[in-house]
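Peer 1: Attaching a predicted model along with its sequence, questions to come.
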Protein chains: 2
Amino acid sequence: MGKPITILYFDVISPYSWIAFESLLRYEKILPTTLQFRPVFLGGIMQGSGNKPPAMVPMKGAYMMKDLECNKKYWGINLNPPSDFVETIIKRGSLQAQRFLTVISQEKPEYLRPAALEFWHRVWSRDEPIHETQHIKEVCEKLKIPNADNLIAEIGTQKTKDILKKNTEEALASGAFGAPWIIVKREGKDDACFFGSDRLHLLCHELNTEFQGPLKSKL
Amino acid sequence: MGKPITILYFDVISPYSWIAFESLLRYEKILPTTLQFRPVFLGGIMQGSGNKPPAMVPMKGAYMMKDLECNKKYWGINLNPPSDFVETIIKRGSLQAQRFLTVISQEKPEYLRPAALEFWHRVWSRDEPIHETQHIKEVCEKLKIPNADNLIAEIGTQKTKDILKKNTEEALASGAFGAPWIIVKREGKDDACFFGSDRLHLLCHELNTEFQGPLKSKL
């Protein structure tokens, strides 16, 4: 029987995607599964599923900020909401960043993890923008990604748009209504799907592995 | 410094309230906090916060059923959705049961825990109704609650309605937008609030206690 595959569908606009991404990285050596990280466009998932972001219910929005603070302490991830939330998260969004990560996933997959993390550090830790080409260049420079200009030129191609759209539709088809969305694929079993960053204990249980807390020492 | 107080606001219509209730019972001896269980009317919380139940987004509803199945296995709680979900959960609801639990919380608080659990076992495990006086009588008989007729007669009093309303407004005022809603109160610190059944690791962390998984052996 092959090793199970676990796919995380993520968008760097989503702080819970960051928590899920980091926690899966920490559990990578413990979990008997091969991890794959797949960029999606969260706006497309919300629209396709008819779901609304938490900030649309004011009390959910207020709770989310406190909940992120608790998660920040628990996981030891330096999560800080952007100073202008509406401008950064709602208006500017992450489409360019997600398209760039799509290019990376095709052309330089070894940079996908650090590039995604660097986007999160920018927008959800250091209050830096990610929506213009210049910002994406800064990510490339910081990570010393070779051939960056050519990669950046691919952001706007139909091929890139189509792959991101395909990833997003794939998540929707499997039942996603937000991000992060995690699928565990195993031979001879139905896929197991998990929404959010708070199902790691259940994911571990599905893979017969003990949940061991935040594993802060692992990263 | 006094011992922290942890209040769980719950409604027996909510399966996630059951998970939170049971998991807090299992952690009661481990957590350095005094537990209180307070009935609320979930319909009132949804209305007061402008939130919508998950079943309003079809993909959320479908996910919830799978997620409950995972939680059932993880926690070892015999959760089974009622055969007629819309009739039982949406139409019949839990108002009478929550009012009865309000009476119990005032008159026979030692029966609050078993009575709440018995309601969950009826509606979310054995597919039995809870909306008529006869069903509440059956709960009293099963648990051998003394003076049941007098307690049941109090369900419809203004005093009972007012207390349930007060509990519900108290949860709303602290930021609730659904159930379960948990508040940790500590001297000299802001209250910590947790929504859902999936924040026990964060709640433990706030109380400097290690999350130890489902503790199936404890109940």
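Peer 2: Received, thanks.
Peer 1: what ranges do the helices span in chain A?
Peer 2: A:15-27, A:42-49, A:58-75, A:85, A:95-107, A:112-124, A:133-143, A:148-153, A:158-173, A:200-206 (DSSP state H).
Peer 1: For my notes, please list these in JSON lines and give mean pLDDT, distance to chain B and mean neighbour count for each entry.
Peer 2: In this view, the C-beta of every residue, glycine as well, is placed from N, C-alpha and C. Shown next, in JSON lines, are those (pLDDT from 0 to 100; distance: least, C-beta to the nearest C-beta, whole Å; neighbours: other C-beta atoms under 10 Å in any protein chain shown):
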{"stretch": "helix A:15-27", "mean pLDDT": "98", "distance to chain B": "11", "mean neighbour count": "23"}
{"stretch": "helix A:42-49", "mean pLDDT": "96", "distance to chain B": "5", "mean neighbour count": "19"}
{"stretch": "helix A:58-75", "mean pLDDT": "95", "distance to chain B": "4", "mean neighbour count": "18"}
{"stretch": "helix A:85", "mean pLDDT": "90", "distance to chain B": "18", "mean neighbour count": "12"}
{"stretch": "helix A:95-107", "mean pLDDT": "98", "distance to chain B": "21", "mean neighbour count": "22"}
{"stretch": "helix A:112-124", "mean pLDDT": "98", "distance to chain B": "18", "mean neighbour count": "21"}
{"stretch": "helix A:133-143", "mean pLDDT": "98", "distance to chain B": "31", "mean neighbour count": "16"}
{"stretch": "helix A:148-153", "mean pLDDT": "98", "distance to chain B": "34", "mean neighbour count": "14"}
{"stretch": "helix A:158-173", "mean pLDDT": "98", "distance to chain B": "8", "mean neighbour count": "17"}
{"stretch": "helix A:200-206", "mean pLDDT": "97", "distance to chain B": "5", "mean neighbour count": "21"}
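Peer 1: Format those helices as CSV; extra columns: distance to residue A:193.
Peer 2: Supplementary listing: those in CSV, determined by distance: least, C-beta to C-beta, whole Å:
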stretch, distance to residue A:193
helix A:15-27, 13
helix A:42-49, 13
helix A:58-75, 21
helix A:85, 29
helix A:95-107, 21
helix A:112-124, 21
helix A:133-143, 30
helix A:148-153, 31
helix A:158-173, 10
helix A:200-206, 10
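Peer 1: Quick one, which of these gets closest to residue B:67.
Peer 2: Proximity to residue B:67 (C-beta to C-beta) singles out helix A:200-206 among the helices of chain A, at 7.8 Å.
Peer 1: and that closest one, how far out from the chain's middle?
Peer 2: In terms of C-alpha atoms, centre = their mean, to the nearest Å, the centre of helix A:200-206 is found 19 Å from the chain centre.
Peer 1: Go through the helices of chain A and name the closest to residue B:13.
Peer 2: Comparing those by C-beta to C-beta, helix A:58-75 comes nearest, at 19.6 Å.
Peer 1: by contact count, what packs against the very next helix or strand once past that closest one?
Peer 2: Helices and strands here follow DSSP states H and E; after helix A:58-75, the next one along the chain is helix A:85. Applying 3 or more C-beta pairs under 8 Å, 6 or more residues apart in numbering or on different chains; DSSP states H and E, we find helix A:85 packed against no helix or strand.
Peer 1: Could you find the closest non-adjacent residue to residue A:14?
Peer 2: Leaving aside its chain neighbours, residue A:14 sits nearest to residue A:179 (4.7 Å; criterion: C-beta to C-beta, 6 or more residues apart in numbering or on different chains).
Peer 1: what pLDDT does the one you found get?
Peer 2: On the pLDDT scale, residue A:179 is placed at 97.
Peer 1: Is it in contact with residue A:10, as I believe?
Peer 2: Yes - Residue A:179 is in contact with residue A:10 according to C-beta atoms under 8 Å; the separation is 5.8 Å.
Peer 1: Now for residue A:72: which residues touch it?
Peer 2: A:78, A:79, A:80 (C-beta atoms under 8 Å, 6 or more residues apart in numbering or on different chains).
Peer 1: Would you check that my belief about the first one contacting residue A:120 is correct?
Peer 2: No - at 9.7 Å, residue A:78 and residue A:120 do not qualify as touching, with contact defined as C-beta under 8 Å.
Peer 1: between residue A:179 and residue A:10, what contacts are shared?
Peer 2: A:17, A:40.
Peer 1: burial of residue A:157, as a residue count?
Peer 2: Residue A:157 has 12 neighbouring residues, counting by other C-beta atoms under 10 Å in any protein chain shown.
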